[in-house]
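Fold the following for me, if possible:
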Amino acid sequence: MADPLQLCMATDLSSFGFFQRQGLNEMLTFFSQTFVKRTQSGQRQSVKHESYIVHCYLRPDGLAGCVTTDEEYPARVAFVMLSQALDEFQTDVGVRWKDATQPDSISFPKLEEYLQKYQDPTSADKITKIQKDLDETTEILHKTIDSVLERGVKLDDLVDRSNVLSSQSKMFYKQAKKTNSCCIIS
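Sure, this is the predicted structure:
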């Protein structure tokens with residue numbers, strides 16, 4: 001396979017220092033070309049490098065996409081974004097991309113929109129949002145169950161104290177009755 005040609009690229013390196021950005025851009029280009037070259041046609045793969053993961057998808061027609069994320073970003077969401085972006089790229093550009101010979105020679109402004117849209121995976125992907133909601137609900141239920149169990153322990157403690165108080169009051173009544181029986185005034 002010939003070296004892959006980068007047709008277009010979008011990055012968000014705003015969290016890095018100004019002087020780091022050029023080096024990071026070159027590193028991302030290198031990762032993309034290397035991993036696309038090592039991905040089989042029609043396959044998806046994720047490659048971990050330090051604290052980042054590069055997700056690659058090479059379509060059977062030879063069009064590929066890569067996205068680099070941190071370790072916490074869900075792989076499924078990254079591949080959904082890649083699939084949608086590649087499909088829309090194919091629709092907008094057609095087969096023109098197959099004739100490209102220069103890097104970054106095709107303009108695809110919607111790539112920036114995808115980058116912004118998928119910054120928060122829970123807002124961009126319905127399944128991830130549902131999973132997050134389920135996790136939050138589960139956490140609330142666990143807290144509720146814990147507080148109910150805690151209240152149950154407190155209720156059991158109150159019942160025990162009530163039983164002790166009841167038996168003490170019976171003993172007091174018997175003792176008072178004995179004491180009062182010796183002092184009957186007629």
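
Confirm that Gly65 sits in a strand.
Yes. Gly65 forms part of a strand when assessed by DSSP: H, G, I helix; E, B strand; the rest coil.

which non-adjacent residue is nearest it?
Excluding its sequence neighbours, the residue lying closest to Gly65 (Cβ to Cβ, 6 or more residues apart in numbering) is Leu82, at 4.4 Å. In short, each C-beta sits where N, CA and C put it, glycine included.

What residues does the one you found make contact with?
Arg44, His55, Tyr57, Gly65, Cys66, Val67 (Cβ atoms under 8 Å, 6 or more residues apart in numbering).

how many neighbours does Arg38 have?
If you count neighbours by other Cβ atoms under 10 Å, Arg38 ends up with 12.

now the strands for this protein?
44-49, 52-58, 64-70 (DSSP state E).

ok so, going back, any of the contacts of Leu82 buried? List them.
Arg44, His55, Tyr57, Gly65, Cys66, Val67 (16 or more other Cβ atoms under 10 Å).

in the protein, what spans have low per-residue confidence?
The model of the chain has pLDDT under 70 over residues 1, 124-125, 127-129, 153, 180-186.

And the top helix by length along it, how far out from the chain middle?
Ranked by number of residues, the top helix in the chain under DSSP state H is helix 126-181. Relative to its chain's centre, helix 126-181 lies at 37 Å (Cα atoms, centre = their mean, to the nearest Å).

do you know which of the strands of the chain lies nearest Phe89?
strand 64-70 (8.0 Å; Cβ to Cβ).

The closest one pairs with which strands?
Applying DSSP bridges to the sheet, strand 64-70 is found paired with strand 52-58 (antiparallel).

Touching the partner strand from outside, list them.
Residues contacting strand 52-58 (Cβ under 8 Å, 6+ apart): 31-32, 35-36, 39-47, 64-71, 73, 75, 78-79, 82-83, 86.

And those residues, which of them are buried?
Buried, going by 16+ other Cβ under 10 Å: 31-32, 35-36, 39, 44-45, 47, 64-69, 73, 78-79, 82, 86, out of the contacts of strand 52-58.

tally of neighbours for Val159?
Using other Cβ under 10 Å, Val159 has 10 neighbouring residues.

measure it to Gln168 for me?
15 Å (Cβ to Cβ, to the nearest Å).

for Gly62, same thing?
88 Å.

Lys110: neighbouring residues, count only.
Per other Cβ under 10 Å, the neighbour tally for Lys110 reads 16.

what's near enough to touch it?
By Cβ under 8 Å, 6+ apart, the residues touching Lys110 are Ala85, Glu88, Phe89, Asp92.

And Glu72, by the same measure?
So Glu72 contacts nothing (Cβ under 8 Å, 6+ apart).

For Pro121, see how far away it is.
Remark: distance between Glu72 and Pro121 (Cβ to Cβ) = 9 Å.
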